[in-house]
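> Sequence first, then the predicted structure, then my questions.
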Amino acid sequence: MTRHDPDSFRGRLLATLRLQFPDALDPAGGFRLLDPESGEPYAGPRRHLVATCRSIANFAAGVVADGPDWCAEAAEHGIEFLESAHRADTTDRSEGYHLVVEADGSPVDRTRSAYGHAFVLLGYARAADVGVDGAAAGLDATVDLLDARFRDGTGCLRSDCGPDWAEREAYRGQNANMHACEAFLAAYEATDDGAHLDRARRIAERLTVELAAETDGLLWEHYDADWAHDFGYNADEPRHRFRPPGYQPGHHVEWAKLCALLDRYDATATAASESVPGSGDWYDRAVALFDAAVDLGWTDGGFAYTVERDGTVIVADRYGWALAEGIGAAAALAGRATRRGDGEAAGRFREWRDRFVDRADAYRGPAGLWYEKLPPAGSDGDPDSPEPPGVEPDYHPASAYFESWRSGVR
């Protein structure tokens, strides 16, 4: 196993971004998804809100890492498209953002997506952190929008709405709320406003402590409008693109990373505007979620996608995003263990980080970009590329390298 120096992760982050720039930037508007095989942009003018915001976050992270000037240029390009094309009303931010648009801004899917709007906040927060014009105002307005349109009485996000803000189904989802927690943490990093940290804490408390207590500490994906576990949701669609049934080991490591960040910030910050019940130790919760992910789904070279309640693997495909999140989670946990003076735990998480990084090359196509997924371990299938309009502009690898660099643990 290769021992990876933390400073090398800055290089990995910037190399990941260099593969995207300039080809991913469309002069006609927004960002284009690139083919891992050829590096060429996929044909088609459609732009997904999540991909737009993830690209903004990627390039803003490059600015934080003191990358080339084109990192700021690309982040600015993304903010301009977010505001001029995805934004439903350029004079009224309260109308939200279209989920899919053409490069010229024509709306294709007017859904007001909770998942998508979580990424709107993330994009604005990362851009505001590096001083992109208009991003701070967008951050503030998006927090107000989430509070007014999506947050329910539990402090978590409800489901997708139509353009008239009518809720489309009586559903609550773990995934949208996980990314809302991520976005509120980024908003806190950009502003030092403890209210954003409170919001992140409350979502994490609800999902990883209160609701997980009903499933032996594991994180189910789907709930009804009253936040009761819906174990039958999409049971007949095991390969649903965004809402498959079962436990997702990848989301367990992703939450492990977020809980490690909460532990990091709780060590230096005080809760602000909201009263959040204590969940105990975020670090312990992060460790438990990381270990659960490994127990649930780690196979040779990746995590199985989904697992049944009895531990049976549902979909054994190994998605690249899950491995990338494992890298970031292990790095963040190694950092927290080091801060706590637990050298044994820090060493264990460094080993996992390095093991995951060693596996990452298998997910990269000839052009250096990541495939969406590998086939099940031991099978002879080929890697799969993302289909446009995709949502993954190598956001998860970039985020993993960014977190590994800023955690800075040798």
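Alright, I've got the coordinates. Computed from a prediction, not measured in an experiment: that's the story for all the values here.

> quick one: contacts for the residue most central in space within the chain?
Taking C-alpha atoms, centre = their mean as the criterion, His179 is the residue nearest the geometric centre of the chain, at 5.5 Å. His179 is in contact with Tyr115, Ala118, Phe119, Leu122, counting by C-beta atoms under 8 Å, 6 or more residues apart in numbering. The way it works is simple: take the backbone N, C-alpha and C, and place the C-beta from them, glycine included.

> Can you tell me the element the first one falls in?
Under the criterion DSSP states H and E, the helix or strand holding Tyr115 is helix 114-129.

> Averaged pLDDT, the helix or strand immediately after that helix in the chain. What do you get?
Per DSSP H and E, helix 114-129 leads on to helix 135-145 as the next helix or strand towards the C-terminus. For helix 135-145, the mean per-residue pLDDT is 98.

> List the buried residues of helix 135-145.
Along helix 135-145, these residues count as buried under the neighbour rule (16 or more other C-beta atoms under 10 Å): Ala135, Ala136, Gly138, Leu139, Asp140, Ala141, Thr142, Val143, Leu145.

> And for stretch 338-358?
Thr338, Ala345, Ala346, Arg348, Phe349, Arg350, Trp352, Arg353, Asp354, Arg355, Phe356, Val357.

> Out of the residues you listed, which sit inside helices?
Thr338, Ala345, Ala346, Arg348, Phe349, Arg350, Trp352, Arg353, Asp354, Arg355, Phe356, Val357 (DSSP state H).

> Closest one to Gly250 out of those residues, please.
Phe356 (11.7 Å; C-beta to C-beta).

> Now do the contacts for the closest one.
By C-beta under 8 Å, 6+ apart, the neighbours of Phe356 are Leu323, Gly326, Ile327, Ala330.

> Could you tell me which of the residues you listed count as buried?
Leu323, Gly326, Ile327, Ala330.

> pretty sure Tyr371 contacts Gly390?
No. With contact defined as C-beta atoms under 8 Å, Tyr371 and Gly390 do not form a contacting pair (11.7 Å).

> For stretch 321-336, what does the pLDDT average out to?
The model assigns stretch 321-336 a mean pLDDT of 98.

> and that stretch, how far from the chain's centre?
12 Å (C-alpha atoms, centre = their mean, to the nearest Å).

> With stretch 211-221 instead?
Centroid separation for stretch 211-221 versus its chain: 20 Å, with C-alpha atoms, centre = their mean.

> and what of stretch 216-232?
Centre to centre, stretch against its chain (C-alpha atoms, centre = their mean), the figure for stretch 216-232 is 20 Å.

> Show me where the stretch 301-410 of the chain dips below the pLDDT cut-off.
The stretch 301-410 of the chain contains residues with pLDDT under 70 at 410.

> mind listing the strands in it by residue range?
Using DSSP state E, counting those that start in this stretch, the strands of the stretch 301-410 of the chain run over 302-307, 313-319, 373-374.

> and the last one, what does it pack onto?
Helices and strands touching strand 373-374, by 3 or more C-beta pairs under 8 Å, 6 or more residues apart in numbering; DSSP states H and E, are strand 313-319.

> What ranges does the protein have for its helices?
6-20, 49-64, 69-81, 114-129, 135-145, 174-191, 194-204, 249-266, 282-297, 320-339, 343-360, 395-407.

> Which elements pack onto the helix holding Tyr115?
By 3+ C-beta pairs under 8 Å, 6+ apart, helix 114-129 packs against helix 49-64, helix 69-81, helix 135-145, helix 174-191.

> and those helices, which is most packed in?
Of the helices and strands packed on helix 114-129, the one with the most neighbours on average (mean count of other C-beta atoms under 10 Å) is helix 49-64, at a mean of 28.

> tilt between it and helix 69-81?
150 degrees (axes from the mean of the first three to the mean of the last three C-alpha atoms, to 10 degrees).

> Start at 45, not 1
Sure, I'll start numbering at 45, so the last one becomes helix 93-108.

> Kindly calculate the angle that helix 93-108 makes with helix 50-64.
Using the same axes, to 10 degrees: helix 93-108 against helix 50-64 is 130 degrees.

> which secondary structure elements does helix 93-108 contact?
When contacts are defined as 3+ C-beta pairs under 8 Å, 6+ apart, helix 93-108 sits against helix 50-64, helix 113-125, helix 158-173, helix 439-451.

> In TSV, list those along with distance to Arg308.
Output for these, formatted as TSV (distance: least, C-beta to C-beta, whole Å):
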stretch	distance to Arg308
helix 50-64	15
helix 113-125	24
helix 158-173	16
helix 439-451	9
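
> Any idea which of the ones you listed gets closest to His142?
helix 158-173 (8.7 Å).

> Looking at the closest one now, give me its mean pLDDT.
99.

> show me the contacts for the closest residue to Leu333 other than its chain neighbours.
Spatial nearest neighbour of Leu333, excluding adjacent residues (C-beta to C-beta, 6 or more residues apart in numbering): Ala300 at 4.1 Å. Contact analysis of Ala300 by C-beta under 8 Å, 6+ apart lists Ala330, Val331, Leu333, Phe334, Ala337, Ala373, Ala376, Leu377.

> now, which of those residues sits nearest Tyr215?
Closest to Tyr215, out of all of the contacts of Ala300 and judged by C-beta to C-beta, is Leu333, at 23.2 Å.

> What's the local residue count around that closest one?
When counting by other C-beta atoms under 10 Å, one arrives at 27 neighbours for Leu333.

> Kindly report the same for Ser203.
Count around Ser203 with other C-beta under 10 Å applied: 19.

> any idea how far it is from Val253?
22 Å (C-beta to C-beta, to the nearest Å).

> Please tell me I have it right and Gly238 contacts Phe228.
No. Judged on C-beta under 8 Å, Gly238 makes no contact with Phe228 at a distance of 10.9 Å.

> Now Thr409: closest residue in space that isn't a chain neighbour?
Wrong residue type there; residue 409 is Gly, not Thr. Pro80 (2.8 Å).

> give the contact list for that neighbour.
Contacts of Pro80 by C-beta under 8 Å, 6+ apart are Arg408, Gly409, Pro410, Ala411, Gly412, Leu413, Trp414, Tyr415, Pro427, Ser429.

> likewise Gly425?
Leu418, Pro419 are the contacts of Gly425 under C-beta under 8 Å, 6+ apart.

> No further questions, thank you.
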